[in-house]
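Engineer: Here you go, sequence then predicted model.
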Amino acid sequence: MTELHITNLSKHFGTAKALNDITIQVKENEFIAILGPSGCGKTTLLRSVAGFIDPTAGSIRFGEQAFFENEDTMPVEDRQLGMVFQHFALWPHMTIKEHLEYPLKSSQNKKRFNEAVRKEMIRQALQLVELEDFEDRYPNELSGGQKQRIALARAIVSQPKMLLMDEPLSALDAHLKQVMVQEIKRIHRATKATILYVTHDQSEAMALADRIIVMNQGKIEQIDTPYNLYHYPQTPFVANFVSKALLVDGEWQGDRFRPAEANELSWPGTGVADYFKANRLYPIRPEELSFQPENKQRGGLRATIKDKQFLGRETRYIVSALGTEIEIISHSPHAAEMDEEVYITKH
Ligand code: ATP
């Protein structure tokens, strides 16, 4: 098994700890998203695996290969990884075919692949990104989405065991992003490569990854499946950044929670992390909430309608509650009017 083992990895820039004692084990063929806000260390982690950055301490092993161990660094080209960056990094003077030939000729693969084999590998890579007839074009003859597909084809052409991607979709518009998310998943299934994918976009990470590493200030907050991160955040940072949860104050009584502002309510605590229980908090997502006008509902958290936006299929209500503004989506455009007092409950 070609597993990736990152152990006690740190990278300091002067006094700044860009990576602070990171330990991760990635299974073969796993799709891992590295998610976190700007400056949390995502790119430093990816570039350390790629070999562009020498870590300060720790080790990185990929299968039998020691990428970084005992302060010894394996050169980038020996790691044989595929890489895709935010800005496609295509050369204007080279055709698509030349772009794809480059990694095959310049890497250690040089000796193994004769021209006929190279041609077939290029054909396969272009077929995978559905741009088979584009070999003779130049980058300025491609759309943004096509450029990113070519960058992907270049990364996979030499059939690497691991692909590193740094915000590869951030230069694309929302629609194209969605299309490319599907494409990347298809390519992952076809190549069976292990993928490390850096993003600050929580929905992109959830849509793509088998597991997500959530980072904050050079440290790992939680490594988990998208489902578990969403339903069972372990820290306030994850609750806020991934689950978009509110933290409600109140009292825990065994495995049930009573919100301070409406202690006649009682919510189940299955799966809520110990941190929240110890700090008398309950993480709750806005989509778990609904509201009722005062006269229909006894009990609930008091709230006021601050804005109402009719969107056709649904209506977005912005309500002021729990000292903040919460977005609640309703299928009824007549559920409440502006400035009306309502009562919020968990459904
Ligand atoms: P972004 O999403 O904005 O790209 P990131 O999560 O990828 O952010 P990194 O680029 O890994 O963050 O940076 C982590 C921290 O290390 C930041 O505080 C950054 O300022 C610092 N840093 C990164 N590279 C250097 C460098 N070459 N010299 C000094 N500090 C650096």
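Structural biologist: All right, it came through fine. Numbers count the residues shown, from 1 in each chain.

Engineer: Can you show me the helices along the stretch 201-347 of the chain?
Structural biologist: Counting by DSSP state H, counting those that start in this stretch, one finds helices in the stretch 201-347 of the chain at the ranges 202-208, 226-231, 236-241, 274-278.

Engineer: got JSON lines for the ones you listed, with distance to residue 94 too?
Structural biologist: Where C-beta positions appear, they are placed from N, C-alpha and C, glycine not excepted. Shown next, in JSON lines, are the helices of the stretch 201-347 of the chain (distance: least, CB to CB, whole Å):
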{"stretch": "helix 202-208", "distance to residue 94": "29"}
{"stretch": "helix 226-231", "distance to residue 94": "38"}
{"stretch": "helix 236-241", "distance to residue 94": "40"}
{"stretch": "helix 274-278", "distance to residue 94": "52"}
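
Engineer: closest to residue 337 out of those?
Structural biologist: When the helices of the stretch 201-347 of the chain are compared by CB to CB, helix 236-241 sits nearest residue 337, at 30.5 Å.

Engineer: so how far is that closest one from its chain's centroid?
Structural biologist: Here the centre of mass of C-alpha atoms in helix 236-241, compared against the chain's by CA atoms, centre = their mean, to the nearest Å, lies 14 Å away.

Engineer: thinking again about what came up before, now render the helices of the stretch 201-347 of the chain as CSV, adding mean neighbour count, mean pLDDT and distance to the ligand.
Structural biologist: Shown next, in CSV, are the helices of the stretch 201-347 of the chain (neighbours: other CB atoms under 10 Å; pLDDT from 0 to 100; distance: least, CB to the nearest ligand atom, whole Å):
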stretch, mean neighbour count, mean pLDDT, distance to the ligand
helix 202-208, 19, 95, 13
helix 226-231, 18, 95, 18
helix 236-241, 20, 94, 12
helix 274-278, 13, 94, 23
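
Engineer: Out of these, flag the one nearest residue 152.
Structural biologist: Nearest of the helices of the stretch 201-347 of the chain (CB to CB): helix 202-208, 13.3 Å.

Engineer: Run the chain-centre distance for the closest one.
Structural biologist: Offset of helix 202-208 from its chain centre (CA atoms, centre = their mean): 5 Å.

Engineer: Other residues contacting it?
Structural biologist: Contact partners of helix 202-208, identified using CB atoms under 8 Å, 6 or more residues apart in numbering, comprise 31, 33, 35, 169, 177, 181, 184-185, 197, 199, 212, 226, 229-230, 241-242, 244.

Engineer: what's the answer for stretch 140-147, then?
Structural biologist: Here stretch 140-147 makes contact (CB under 8 Å, 6+ apart) with 88, 90, 92, 96, 131, 134, 139, 150, 171-173, 176, 179-180.

Engineer: Residues of the stretch 51-200 of the chain that sit close to the ligand?
Structural biologist: residue 200 (CB under 6 Å from any ligand atom).

Engineer: Where do the strands of the stretch 51-200 of the chain begin and end?
Structural biologist: In the stretch 51-200 of the chain, the strands defined using DSSP state E, counting those that start in this stretch lie at 57-62, 65-69, 72-73, 82-84, 162-166, 194-199.

Engineer: So what's the gap between the fifth one and the chain middle?
Structural biologist: Strand 162-166 sits 13 Å away from the centroid of its parent chain (CA atoms, centre = their mean).

Engineer: what do you get for the last one?
Structural biologist: For strand 194-199, the distance between its averaged C-alpha position and the chain's averaged C-alpha position is 8 Å (CA atoms, centre = their mean).

Engineer: For residue 253, which residues are in contact?
Structural biologist: Contact analysis of residue 253 by CB under 8 Å, 6+ apart lists residue 266.

Engineer: how close does it get to residue 18?
Structural biologist: Applying CB to CB, to the nearest Å, the value for residue 253 to residue 18 is 43 Å.

Engineer: Where does pLDDT dip in the stretch 201-347 of the chain?
Structural biologist: Scanning the stretch 201-347 of the chain for pLDDT under 70 picks out 295-298.

Engineer: Skipping adjacent residues, who's closest to residue 187 in space?
Structural biologist: Among residues not flanking residue 187 along the chain, residue 128 sits closest, at 5.8 Å (CB to CB, 6 or more residues apart in numbering).

Engineer: how close does the nearest residue to residue 137 once chain neighbours are set aside sit to residue 134?
Structural biologist: Distances taken as CB to CB, 6+ apart put residue 96 closest to residue 137, at 5.4 Å, once the chain neighbours are dropped. Distance of residue 96 to residue 134, given as CB to CB: 5 Å.

Engineer: So which of these two has more stuff around it?
Structural biologist: Taking other CB atoms under 10 Å, residue 96 and residue 134 do not tie; residue 96 has more neighbours (26 against 19).

Engineer: where along the stretch 51-200 of the chain do the helices fall?
Structural biologist: Under DSSP H, counting those that start in this stretch, the stretch 51-200 of the chain gives helices at 76-79, 96-106, 115-128, 144-156, 174-191.

Engineer: Redo the ones you listed as a markdown table? Include mean pLDDT and distance to residue 282.
Structural biologist: Shown next, in a markdown table, are those (pLDDT from 0 to 100; distance: least, CB to CB, whole Å):
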| stretch | mean pLDDT | distance to residue 282 |
| --- | --- | --- |
| helix 76-79 | 90 | 45 |
| helix 96-106 | 88 | 51 |
| helix 115-128 | 90 | 46 |
| helix 144-156 | 91 | 41 |
| helix 174-191 | 91 | 32 |
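
Engineer: Give me whichever of these is most buried.
Structural biologist: Counting by mean count of other CB atoms under 10 Å, helix 144-156 has the highest mean neighbour count of the helices of the stretch 51-200 of the chain, with a mean of 22.
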